[in-house]
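K.L.:
Generate coordinates for the sequence data below:
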Amino acid sequence: MRLRPAVAVLVVLLAGSACGDQGQGAGVVGRAAGTPPPPGLLPAPPAPGGDGTPRALVTSAGIVVPVVSPAGDGWTVRTPCNATATLTGSQARSAGSPVVVLDPGHGGAQPGAISPAGLTEAAVNLAVAREAQAALAAAGVPALLTRTGDYDLSLATRSEIARAVAPRAFVSIHHNADPDGPRAGPGSETYYQVGSAGSKRLAGLVYEEVVRALSAYAAAWVADRDAGAKYRTGSQGDYYAVLRQSPDVVSVLAELAFVTNPSEADLLARPDVQRAEGQAVARGIVRYLTTRDPGSGFVDPYPRTDPPPAAGPPPACHDPRL
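P.N.:
Residues are numbered from 1 along each chain as shown. As a prediction, the model looks like this:
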């Protein structure tokens, strides 16, 4: 049987080692020892709507927006702040049919966790997501970023982008805060959708690859007591909105390392470590797409409760120039 080009490239790359010199950017996409991936596990990406309407656009400013509907010679789109706008063909192009969507968490007025030296989670998330996108592209897997710069992006729009393009995998990339204490190795965490076997397997594979990559570096690691691949439920089902609001897309939220830990933050500020993390995320995704590897690191989380509602109105969201 003749393999499609993307699958053929992946079969070759997966025959290599999963490890390699992370500092030199080796082993971009690989896997641990195992059987060759069965053909046909990477289905063709979805096509645009039956009427030829693209499912998402990239604006002239590089902003990714999901399409709500056609509008004359253009489209009505959802803006990053969950409003609507109208764009014409001269203002945007189709985002295509990505196999993977990567979501760099936070951005704009929401920097996320911040290291003692001022390194923001949002900046590291975006850098790592770009590295993962590049590694996937090298493996023949087209990936789309929900956020392409430092601007506000609502949780609703992130999920709508994923639902619109219907990728094979949706991974939201984050870095953690508030650990329980020290750990002998990386305290990486991946969260999967409750009730989704595919999401659980993807979480276990990304966890394996990230821990393997980060373990090549020396750090005073910290962690939560239940570090690993796990779920978290809330009053509405999955606690994390990007998992809950994308029920028909295999989705994972990954907390790769603790940016609030000075030792880990020193690593996360380095481009080679950002590259190692991004390539590890890509390897986990490729293994999910092309093998039946089950993943590992699964733990039963300790009980957590929803935080109390924030006092006052939510922070204002400011749309970037499209």
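K.L.:
helix or strand for residue 160, which one?
P.N.:
Residue 160 is part of helix 155-165 when elements are defined by DSSP states H and E.
K.L.:
Oh, that last question was meant for residue 246, not what I typed.
P.N.:
Counting by DSSP H and E, residue 246 is part of no helix or strand.
K.L.:
quick one: it and residue 159 touch, right?
P.N.:
Yes - look at residue 246 against residue 159 with Cβ atoms under 8 Å: they come within range, at 4.8 Å. Yep, even glycine has a C-beta here, placed from its N, CA and C like the rest.
K.L.:
ok so, going back, same for the helix holding residue 160, what does it pack against?
P.N.:
Applying 3 or more Cβ pairs under 8 Å, 6 or more residues apart in numbering; DSSP states H and E, one finds that helix 155-165 contacts strand 56-59, strand 64-71, strand 100-104, helix 241-244.
K.L.:
could I get the helix or strand following it in CSV with only the CA atoms?
P.N.:
Per DSSP H and E, the first helix or strand lying C-terminal to helix 155-165 is strand 169-176. C-alpha atoms of strand 169-176 as CSV (Å, rounded to 0.1, in the frame of the first residue of the first chain):
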residue,chain,number,x,y,z
ALA,A,169,-4.8,16.6,18.3
PHE,A,170,-5.1,19.9,20.3
VAL,A,171,-2.4,20.6,22.9
SER,A,172,-2.5,23.6,25.2
ILE,A,173,1.1,24.5,26.3
HIS,A,174,1.6,25.9,29.8
HIS,A,175,4.2,26.2,32.5
ASN,A,176,3.4,25.7,36.2
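K.L.:
Strand 169-176 pairs with which strands?
P.N.:
strand 100-104 (parallel), strand 251-258 (parallel) (DSSP bridges).
K.L.:
okay if I get those as TSV plus mean neighbour count and mean pLDDT?
P.N.:
As requested, the strands paired with strand 169-176 are arranged in TSV below (neighbours: other Cβ atoms under 10 Å; pLDDT from 0 to 100):
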stretch	mean neighbour count	mean pLDDT
strand 100-104	28	98
strand 251-258	28	98
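K.L.:
Let me have the ones you listed in CSV, adding distance to residue 141 as columns.
P.N.:
Listed next are the strands paired with strand 169-176 as CSV, based on distance: least, Cβ to Cβ, whole Å:
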stretch, distance to residue 141
strand 100-104, 6
strand 251-258, 16
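K.L.:
And the strands in the stretch 201-322 of the chain?
P.N.:
222-223, 228-230, 233-234, 237-238, 251-258 (DSSP state E, counting those that start in this stretch).
K.L.:
so what does the second one touch, helix or strand wise?
P.N.:
Secondary structure elements in contact with strand 228-230, counted by 3+ Cβ pairs under 8 Å, 6+ apart, are strand 189-192, helix 197-214.
K.L.:
Kindly export the longest one (C-alpha atoms) in PDB.
P.N.:
What that stands for is helix 197-214. Output of helix 197-214 as PDB, limited to C-alpha atoms (Å, rounded to 0.1, in the frame of the first residue of the first chain):
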ATOM      1  CA  ALA A 197      -9.300   7.300  25.800                       C
ATOM      2  CA  GLY A 198      -7.500   9.200  23.000                       C
ATOM      3  CA  SER A 199      -6.900  12.200  25.100                       C
ATOM      4  CA  LYS A 200      -5.600  10.000  27.900                       C
ATOM      5  CA  ARG A 201      -3.200   8.300  25.500                       C
ATOM      6  CA  LEU A 202      -2.000  11.600  24.100                       C
ATOM      7  CA  ALA A 203      -1.400  12.900  27.600                       C
ATOM      8  CA  GLY A 204       0.700   9.900  28.500                       C
ATOM      9  CA  LEU A 205       2.800  10.200  25.400                       C
ATOM     10  CA  VAL A 206       3.500  13.900  25.800                       C
ATOM     11  CA  TYR A 207       4.300  13.300  29.400                       C
ATOM     12  CA  GLU A 208       6.800  10.600  28.600                       C
ATOM     13  CA  GLU A 209       8.600  12.700  26.000                       C
ATOM     14  CA  VAL A 210       8.700  15.900  28.000                       C
ATOM     15  CA  VAL A 211      10.100  14.200  31.200                       C
ATOM     16  CA  ARG A 212      12.700  12.300  29.100                       C
ATOM     17  CA  ALA A 213      13.800  15.600  27.500                       C
ATOM     18  CA  LEU A 214      14.000  17.700  30.700                       C
END
